[in-house]
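Visitor: Turn this into a model:
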Amino acid sequence: MVKAVSYVSDAKQEIEAESYDLLLSDFRLPDGDGIDILKWLKKTGRSLPLIMMTGYADIQTAVQSIKLGASDYITKPINQNGLLLKINEILTVTQTQNPPASFPEGYIEGQSTVAGQMYEYIRLVAPTDMSVLITGSSGTGKELVARYIHEQSSRKKAPFVAVDCGAIPKDLAVSEFFGHIKGSFTGAIDNKTGAFQMAHGGTIFLDEIGNLTYEVQVQLLRALQEHKVKPIGSNHEIRTDIRLISATNENLQNAIKNGDFREDLYHRINEFAIRIPDLKERKYDIMLFANHFLSLANKNLQKGITGFAPETIEFFQSYPWPGNLRQMKNAVKYATLLATGRYITIKDLPGDMTSSPSTFTESSSLRNEAHEKELIQKALTKSGNNKTTTARILGIDRKTLYNKLKQYNLIK
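Guide: Prediction:
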């Protein structure tokens with residue numbers, strides 16, 4: 001249930017009368033402000049997650065909100081995609097874990113060797129103040145790792161501020177990082193507090209840092225070295241105390257060779273590196289994640305799917321997951337919505353996964369016997385003798401495949 005009210009008093013009445021999963025509050029309200037709600041929640045012993053919104057951003061408000069228990073803080077104008085991401089992350093943590101100081105359940109400890117090494121690195125670096133560079137493919141959960149590092153550090157009570165460097169218009173990047181003074185440039189209709197000030201005392205996360213222009217990289221390096229920022233249009237420098245975590249899915253060393261990324265900045269942001277493995281590298285973790293996402297989808301869609309059919313599990317284990325965790329989460333939610341039985345079957349999965357996977361392009365035209373046998377043998381080799389994947393490569397059903405394997409004496 002979603003309910004909108006305009007007054008602090010009305011919000012208190014609603015919270016007392018109904019059960020809510022999350023509260024999204026403006027800072028300034030007609031009869032008070034968001035701080036009043038946070039204080040009331042704390043006084044009454046309620047653990048309702050709250051995201052604070054404001055167009056009057058200042059570091060004092062941010063720090064006070066976080067100290068009083070706000071889950072996150074967002075400034076106007078609101079980026080809808082960013083807000084939805086924050087809401088989903090907070091709800092995931094709230095539904096799956098007590099307390100919300102780490103990954104949602106299912107992201108934490110995998111059983112694969114590569115995952116175990118990654119989490120060991122995270123535990124080692126989290127308590128330090130070292131700058132961390134997180135690398136990994138799209139969809140592997142780089143921001144989740146950054147948030148986990150922050151939550152396990154001595155800065156966990158201060159803000160965690162995430163900036164998507166790939167989504168910032170090039171001419172606004174400096175303003176986004178360091179802020180600006182009203183009237184300092186066309187479109188600067190109000191003062192703006194930059195991300196570095198917002199993250200004072202806490203952690204700033206720069207996602208896709210490789211997308212920054214060379215000129216912005218110069219200013220970023222200066223801010224990191226001197227621990228000072230100067231808002232656009234201001235004559236005064238502001239001291240900042242932040243821990244930097246960066247992420248990229250690019251090869252920054254190649255970018256350095258091509259003259260697109262500063263080597264001195266690379267060494268400044270890369271005091272410690274963590275690589276997040278692709279999902280296809282974590283075979284033992286695949287069904288752990290799948291079952292976690294199924295649990296979330298059941299709650300979100302009010303469904304009661306029990307699990308995955310055997311052929312679906314076999315398919316999941318062999319599928320390359322080019323979109324990693326993000327793709328799996330979306331695929332499981334899609335299948336949960338479509339499923340009519342107790343278990344998710346392959347036919348419930350998105351068509352782009354089952355009909356034309358990008359990594360399998362073998363011809364499915366089975367012509368004469370010699371050609372058929374050759375195609376089947378190639379498909380078996382490519383799939384590692386996985387029958388479900390072999391059938392999918394060839395464009396035939398499992399029953400037909402088994403008949404062909406028997407016919408050509410290829411059953412092992």
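
Visitor: so how far is stretch 117-136 from its chain's centroid?
Guide: Chain-centre distance of stretch 117-136: 17 Å, with C-alpha atoms, centre = their mean, to the nearest Å.

Visitor: Now the terminal residues of that stretch, how far apart.
Guide: 15 Å (C-alpha to C-alpha, to the nearest Å).

Visitor: Which positions in it come out as buried?
Guide: By neighbour count with 16 or more other C-beta atoms under 10 Å, stretch 117-136 contains the buried residues 118-119, 121-122, 125-126, 131-136. Placement of C-beta: from N, CA and C, glycine included.

Visitor: So which of these sit within strands?
Guide: When these are checked against strands (DSSP state E), the matches are 132-135.

Visitor: from those, which single one is nearest residue 221?
Guide: Residue 221 has its nearest neighbour among these in residue 133, at 14.3 Å by C-beta to C-beta.

Visitor: So the residue nearest to the closest one when sequence neighbours are not counted versus residue 280, what's the distance?
Guide: Leaving aside its chain neighbours, residue 133 sits nearest to residue 270 (4.3 Å; criterion: C-beta to C-beta, 6 or more residues apart in numbering). Plainly put, residue 270 is 26 Å away from residue 280 if you go by C-beta to C-beta, to the nearest Å.

Visitor: now residue 182
Guide: 50 Å.

Visitor: same question, residue 201
Guide: 39 Å.

Visitor: Any buried residues in the helix or strand harbouring residue 336, and which?
Guide: Per DSSP states H and E, residue 336 falls inside helix 324-338. Of all the residues in helix 324-338, those buried under the rule 16+ other C-beta under 10 Å are 324-325, 327-329, 331-336.

Visitor: just how off-centre is that helix within its chain?
Guide: Distance of helix 324-338 from its chain centroid, counting by C-alpha atoms, centre = their mean, is 15 Å.

Visitor: For that helix, which outside residues touch it?
Guide: For helix 324-338, the external contacting residues (C-beta atoms under 8 Å, 6 or more residues apart in numbering) are 107, 137-141, 278-279, 286, 289-290, 293-294, 296-298, 300-301, 303, 305, 321, 323, 344, 348-350, 353.

Visitor: Show me what the mean pLDDT comes to for stretch 238-247.
Guide: Mean pLDDT, stretch 238-247: 94.

Visitor: again but with stretch 302-320, I slipped
Guide: Mean predicted lDDT for stretch 302-320 stands at 90.

Visitor: ends of that stretch, how far apart?
Guide: 29 Å.

Visitor: Buried residues, it. List them.
Guide: Applying 16+ other C-beta under 10 Å to stretch 302-320 flags 305, 308-309, 311-319 as buried.

Visitor: what do you get for stretch 164-183?
Guide: For stretch 164-183, by 16+ other C-beta under 10 Å, it's 164-165, 168, 173-181.

Visitor: Spatially nearest residue to residue 129, not counting backbone neighbours?
Guide: residue 243 (5.5 Å).

Visitor: Pairing partners for the one you found in the sheet, please.
Guide: Judged by DSSP bridges, the bridge partners of residue 243 are residue 203.

Visitor: roughly how far apart are it and residue 154?
Guide: For residue 243, the distance to residue 154 - C-beta to C-beta - is 9 Å.

Visitor: pLDDT value on the spatially most central residue of the chain, please?
Guide: Nearest to the mean C-alpha position of the chain, counting by C-alpha atoms, centre = their mean, stands residue 141 at 4.4 Å. For residue 141, the pLDDT comes out at 88.

Visitor: Now name the helix or strand holding residue 154.
Guide: Per DSSP H and E, there is no helix or strand for residue 154.

Visitor: Would you confirm that residue 319 contacts residue 352?
Guide: No: using C-beta atoms under 8 Å, residue 319 makes no contact with residue 352, being 11.5 Å away.

Visitor: now residue 51: how far from residue 38?
Guide: Distance, residue 51 to residue 38, by C-beta to C-beta: 11 Å.

Visitor: For those two, indicate the residue with more neighbours.
Guide: Legend: neighbour count by other C-beta atoms under 10 Å for residue 51 and residue 38, higher for residue 38 (22 against 19).

Visitor: can I assume that one is in contact with residue 71?
Guide: No: Residue 38 is beyond contact range of residue 71, at 10.4 Å (criterion: C-beta under 8 Å).

Visitor: In terms of pLDDT, where does residue 1 sit?
Guide: Reading off the model, residue 1 has pLDDT 65.
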